[in-house]
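Colleague: here is a sequence with its predicted model. Questions after.
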Amino acid sequence: GEEVAQTPKHLVRGEGQKAKLYCAPIKGHSYVFWYQQVLKNEFKFLISFQNENVFDETGMPKERFSAKCLPNSPCSLEIQATKLEDSAVYFCASSQSEGPGNTIYFGEGSWLTVV
Amino acid sequence: GEDVEQSLFLSVREGDSSVINCTYTDSSSTYLYWYKQEPGAGLQLLTYIFSNMDMKQDQRLTVLLNKKDKHLSLRIADTQTGDSAIYFCAESPSRGTSYGKLTFGQGTILTVHP
């Protein structure tokens, strides 16, 4: 597609439940990025993929968070045993490749509320 | 690590120009982006500039980059009420293992008064 598509747009989970978010990058884009936006507009980089391979996972919490990008499937971000502090907007972004001329496009975000 | 700073608020009258400022610390080859976020919406890419450029113009938007001072600005000409939003400055290495690892500023809330 011509845009980064994220689903669901809104998700409410009780504390301790699992949350799974999906992202379809722009067609032809080989890089996928996940970001978390919390209160006060702070963005936190979580993880990036180059095709189905993890490119940079330095921002991923070691516990409870996992992500995958499998061939012919949307990418996913999963949070096990959600906590109140996981409430945030999770943005997916994609890029065609590295280097000059390549830009990073974001989806509309998935709003996760943990109650 | 990298740091990006923005002023938090800007208020202008419709028809005036808006200038949103940003400073960054990364000295390597990098991309600098401007994104717009309206309430409850995603991030819309407005424009970007590579760190070896001084200026980029795209319709009502002009980006100026002072590499020496690591200062970036976004000028919106003839600002309209529809331009009211939060504007984020962000930087990312242009390649390498940190490619796409954007460092965002805090966002500037632009309010346009009729």
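Modeller: That came through fine. What you are looking at is a predicted structure, and each value in this text was computed from that prediction instead of being measured.

Colleague: tell me which element the residue sitting nearest the centre point of chain A is part of?
Modeller: Central residue of chain A (CA atoms, centre = their mean): A:W34, 3.3 Å from the mean position. Assigned by DSSP states H and E, A:W34 falls within strand A:31-37.

Colleague: avg pLDDT for that strand?
Modeller: Averaging pLDDT along strand A:31-37 gives 95.

Colleague: next to chain B, which bits of chain A? Give me the list.
Modeller: A:31, A:33, A:35, A:40-43, A:45, A:48, A:55-56, A:58-59, A:91, A:93, A:95, A:98-100, A:103-109 (CB under 8 Å from any CB of the partner chain). For every residue, glycine as well, the C-beta is placed using N, CA and C.

Colleague: among the residues you listed, name the ones in strands.
Modeller: Using DSSP state E, the subset of those located in strands is A:31, A:33, A:35, A:43, A:45, A:48, A:55-56, A:91, A:93, A:95, A:105-106.

Colleague: just give me the neighbour total for A:E42.
Modeller: The burial count assigned to A:E42 is 12, neighbours taken as other CB atoms under 10 Å in any protein chain shown.

Colleague: kindly state the pLDDT recorded for it?
Modeller: 87.

Colleague: look up how far B:F9 lies from it.
Modeller: A:E42 sits 17 Å away from B:F9, going by CB to CB, to the nearest Å.

Colleague: repeat for A:P25
Modeller: A:P25 is 34 Å from B:F9, by CB to CB.

Colleague: who has more neighbours, those two?
Modeller: Shown here are A:P25 and B:F9; by other CB under 10 Å, A:P25 has more neighbours (25 against 8).

Colleague: the more buried one: what's it in contact with?
Modeller: A:4, A:31-32, A:75, A:92, A:94 (CB atoms under 8 Å, 6 or more residues apart in numbering or on different chains).

Colleague: which residue, other than its chain neighbours, is closest to it?
Modeller: Nearest residue to A:P25, sequence neighbours excluded (CB to CB, 6 or more residues apart in numbering or on different chains): A:S94, at 3.4 Å.

Colleague: what bridges to that neighbour?
Modeller: With DSSP bridges as the criterion, A:S94 is bridged to A:V32, A:Y105.

Colleague: so B:L64 sits right up against B:M53, yeah?
Modeller: No: the pair B:L64 / B:M53 is not scored as a contact, 9.8 Å apart, by CB atoms under 8 Å.

Colleague: for stretch B:83-100, measure first residue to last.
Modeller: End-to-end distance for stretch B:83-100, by CA to CA, to the nearest Å: 26 Å.

Colleague: circling back: just the CA coordinates of the strand holding A:W34, formatted as CSV?
Modeller: Taking Å, rounded to 0.1, in the frame of the first residue of the first chain, the C-alpha atoms of strand A:31-37 are listed here in CSV:
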residue,chain,number,x,y,z
TYR,A,31,12.8,-1.1,7.0
VAL,A,32,10.2,-1.0,9.8
PHE,A,33,10.5,0.9,13.0
TRP,A,34,8.4,0.9,16.2
TYR,A,35,8.1,3.9,18.5
GLN,A,36,6.3,4.5,21.7
GLN,A,37,4.8,8.0,22.4
